[in-house]
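S.K.: build me a model:
(chains A and B)
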Number of protein chains: 2
Amino acid sequence: MMMSEGVEWGLHCCLVLGWLDERAPIATARLAEIFELPPEYLKKRLQPLVREGILESTPGVRGGYRLAKGPERITVMDVVAAVEGRTGAFQCTEIRRRGAGETAGKSEFAKPCGIATVMRRAEMAWRRELSSQTIADLLADAPANAATRARRFYEQRTA
Amino acid sequence: MMMSEGVEWGLHCCLVLGWLDERAPIATARLAEIFELPPEYLKKRLQPLVREGILESTPGVRGGYRLAKGPERITVMDVVAAVEGRTGAFQCTEIRRRGAGETAGKSEFAKPCGIATVMRRAEMAWRRELSSQTIADLLADAPANAATRARRFYEQRTA
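M.R.: Residues are numbered from 1 along each chain as shown, chains lettered A, B, ... in the order given. I've put the predicted structure just below:
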């Protein structure tokens, strides 16, 4: 069970866009340089974040990306959900109703299957952790050097 | 990010093998009937559970499956890990070192990336939940009818 690499790219882009917020919008080509990525690849990675209102994308020659809201209002879970969707990792296919279960009365299945319930509880614990951390928290915890370096790197390429 | 369907099958088989423990080993064909499954499909699904010491598989005409240990000693996490492996869902590819990060001093990367840390914390919360529930807990929470039905279904087909 692997998370798409789009999550990691999305979060790193949010951090960089947080650091460069005063210079925003940041052109796709510039943002791509910061990560040594082909711009088209980065664009595709960021599409779900734009669609979900995490990033704002302005078209045109002076356009680019910026955080669509304050970094304290974007949780890590928001980015994960934008890329991965909100469907739980475990999908109950009602195995309990098959074969031996076919003769059971319907009322027995009124409550969700115990296995699905345990899975759901674990998923909620995971989501709670990811929802408790915002892009602002990640910005605060990142080494100060990283912010300075991203800004300098950007200035050099736009001078 | 989807969990393999092998997890759901594995857990349901553990429950049924718990209910039929006094009749074990349960032949593949019988166990497959309980779920209306092709025996070969079921066998393939259970291989990782045998490999990880959750189920015991006895060969031969009187062979079959049984729980390899008491249901109170098998956690839901054990079954998930047997099928999905123990690798975390998020894999940090050290994006922070790319492009603008290339000039950073090595000491800056001594600590794991903040994004990986948040992901790890969420993964641990998820694992903690799944580790806190055993097959014995699932057996205790399942409707009594389900156990009776599985036993009756099995008796009818082995009479």
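S.K.: which parts of chain A are strands?
M.R.: In chain A, the strands defined using DSSP state E lie at A:55-58, A:64-67.
S.K.: spatially central residue for chain A, please.
M.R.: In chain A, the residue lying closest to the centroid (Cα atoms, centre = their mean) is A:Val79, at 1.8 Å.
S.K.: distance of that one from B:Glu129?
M.R.: Here A:Val79 is placed at a distance of 22 Å from B:Glu129 (Cβ to Cβ, to the nearest Å). Every residue, glycine included, has its C-beta placed from N, CA and C.
S.K.: repeat that for A:Arg66.
M.R.: For A:Arg66, the distance to B:Glu129 - Cβ to Cβ - is 37 Å.
S.K.: and for A:Lys69?
M.R.: 31 Å.
S.K.: neighbour-wise, which of those two wins?
M.R.: Taking other Cβ atoms under 10 Å in any protein chain shown, A:Lys69 and B:Glu129 do not tie; B:Glu129 has more neighbours (20 against 14).
S.K.: one step back: winner for burial among the strands of chain A?
M.R.: Stretch with highest mean neighbour count among the strands of chain A: strand A:64-67 (a mean of 22; mean count of other Cβ atoms under 10 Å in any protein chain shown).
S.K.: before we move on, the earlier item: export the strands of chain A to CSV and tack on distance to A:Ala110 and mean pLDDT?
M.R.: Formatted as CSV, those follow (distance: least, Cβ to Cβ, whole Å; pLDDT from 0 to 100):
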stretch, distance to A:Ala110, mean pLDDT
strand A:55-58, 43, 97
strand A:64-67, 45, 97
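S.K.: just put the ones you listed in CSV and tack on distance to B:Gln47.
M.R.: Converted to CSV, the strands of chain A look like this (distance: least, Cβ to Cβ, whole Å):
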stretch, distance to B:Gln47
strand A:55-58, 44
strand A:64-67, 47
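S.K.: which residues touch the residue located most distally from the centre of chain A?
M.R.: In chain A, the greatest distance from the average C-alpha position (Cα atoms, centre = their mean) is reached by A:Thr103, at 43.9 Å. A:Thr103 is in contact with B:Arg149, counting by Cβ atoms under 8 Å, 6 or more residues apart in numbering or on different chains.
S.K.: so how far is B:Arg152 from it?
M.R.: As judged by Cβ to Cβ, A:Thr103 and B:Arg152 stand 9 Å apart.
S.K.: just A:Ala32 next, same as before
M.R.: 64 Å.
S.K.: which one of those two has more residues nearby?
M.R.: When neighbours are counted by other Cβ under 10 Å, A:Ala32 comes out ahead of the other of A:Ala32 and B:Arg152, with 20 against 12.
S.K.: tell me what the longest helix belonging to chain A is packed against?
M.R.: Identified as the longest helix of chain A according to DSSP state H is helix A:114-131. Under the contact criterion of 3 or more Cβ pairs under 8 Å, 6 or more residues apart in numbering or on different chains; DSSP states H and E, helix A:114-131 touches helix A:76-84, helix B:5-19, helix B:76-84, helix B:114-131, helix B:135-141.
S.K.: thank you, goodbye.
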